[in-house]
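*Asks:* Need the 3D shape of this:
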Amino acid sequence: MIDWIWNSIQSIYVWKFLLTIFLAVNLKNLPLVFHYRIFRPIIQSSFRKKRSHQVSARHQDKDLPLVFLPCITTTYTPLLEADYNLHKSNSTYFTDLDASRSHLLSYLCYRGVAVVDRELAADGKRGIMAAIIGSVTTSFKKEIRIFQQYEVWSRILTWDQKWLYIVTHFVQKGSVKQDDLVTHKLSTGKIFGNCGVAGSGKSRDKSARPVVFATSVSKYVFKKGRLTVAPERLLRASGLLGEGDKTGDLPVQSQDPQPKSTEATMSKNTDDVGDLEIGEVIEKERLRGMKYAKAWAELDTLHEELFRENETSDCVPIIGNFSDIAGYGISYR
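*Replies:* Modelled structure (predicted):
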């Protein structure tokens, strides 16, 4: 009897140990961890000391617009994210996208969202200021193995009068050298670092190509209640576009992103950029990203293609209607 009790206790300890290991390696998928990953950068930005963004960062004698620099998060593929091939399941990429975009927008735009929210509230506009995801598309190039670490690179691609477009790359960890990216680690809350130092002796093999597992494009719309706020207004309020006239009050229907001086803007050489020219560099980069945004916008017409010819909501021929263990929700019909 004593031996049986002792063996049972040992068995319980073994199961506790195995359960602890299982939970540790799958920490990313435990309840409420997803919410922690999303809201932590937002909360951190709310407690961060107020400071103005620099419009650009210095890198090898060039001024790079801060608004287009990437935000990088490092994560891994736990067991619960693996598919039957023991690779990262395609459906799990979207939780990483949510976390990465939360870091990017919280760091760059939190100040602007707060400023614009106060301005609109003073004008009598009611409602919560929020960034709402419009759509996401993902192109898969290479599998991510189980327990493999990888980096999620998110950066602003472009924007128009309604949408802010964000491009995200899933990159093999260590395949890209990072040259002192702009951070906010100083206790003063100020930006520091020169995003790389010229003449530091670091050599870069230009022939080496980074390993990109997948690429996603997301678009956000900013709302104050039912009012749509132009992304440029938020970016300018965040100090990312420098000084200039506000253009965020233009109507949403004005979707043409091309300014009158597009050809002159696109022909500018960005190798040597002064403070007065950084706005033109930003506009040139925004226009470069618009070609991808325009091509993607054409896919929106697929929302009208639910039915084929001769199909209506009254009768649609189907292969079958199959039950799913995850299909026991609430019908609001």
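
*Asks:* Please count neighbours and contacts with C-alpha atoms only from this point.
*Replies:* Fine.

*Asks:* Check which element follows the least confident helix or strand in the chain by mean pLDDT along the chain.
*Replies:* None of the helices or strands of the chain scores lower by mean pLDDT, DSSP states H and E than helix 262-266, at a mean of 37. Heading C-terminal from helix 262-266, the first helix or strand you meet, by DSSP states H and E, is helix 278-297.

*Asks:* Please spell out which residues along that next one are buried.
*Replies:* Neighbour-count burial for helix 278-297 flags 278-287, 289-290, 293 (criterion: 16 or more other C-alpha atoms under 10 Å).

*Asks:* and the chain, what are its domains?
*Replies:* Domain ranges of the chain: 1-30, 40-303, per automatic domain parsing.

*Asks:* The ones you listed into CSV, with extra columns for distance to Ala326?
*Replies:* CSV is the format used below for those (distance: least, C-alpha to C-alpha, whole Å):
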stretch, distance to Ala326
domain 1-30, 18
domain 40-303, 15
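
*Asks:* Give me whichever of these is most buried.
*Replies:* domain 40-303 (a mean of 16; mean count of other C-alpha atoms under 10 Å).

*Asks:* How far does it sit from its chain's centre?
*Replies:* Domain 40-303 sits 7 Å away from the centroid of its parent chain (C-alpha atoms, centre = their mean, to the nearest Å).

*Asks:* Specify the beta-bridge partners of Tyr76.
*Replies:* Gln149 (DSSP bridges).

*Asks:* So which residues of the stretch 101-250 of the chain form helices?
*Replies:* 231-237 (DSSP state H, counting those that start in this stretch).

*Asks:* For it, give me the ranges with low pLDDT.
*Replies:* By pLDDT under 70, the low-scoring segments of the stretch 101-250 of the chain are 179-208, 243-250.

*Asks:* quick one: the strands in it?
*Replies:* 129-140, 149-159, 163-172, 212-224, 227-229 (DSSP state E, counting those that start in this stretch).

*Asks:* and these as CSV, adding distance to Pro70?
*Replies:* Below are these laid out as CSV (distance: least, C-alpha to C-alpha, whole Å):
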stretch, distance to Pro70
strand 129-140, 18
strand 149-159, 4
strand 163-172, 9
strand 212-224, 14
strand 227-229, 23
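
*Asks:* Dig out what Leu164 forms beta bridges with.
*Replies:* With DSSP bridges as the rule, Leu164 is bridged to Trp159, Tyr220.

*Asks:* Alright, calling it a day.
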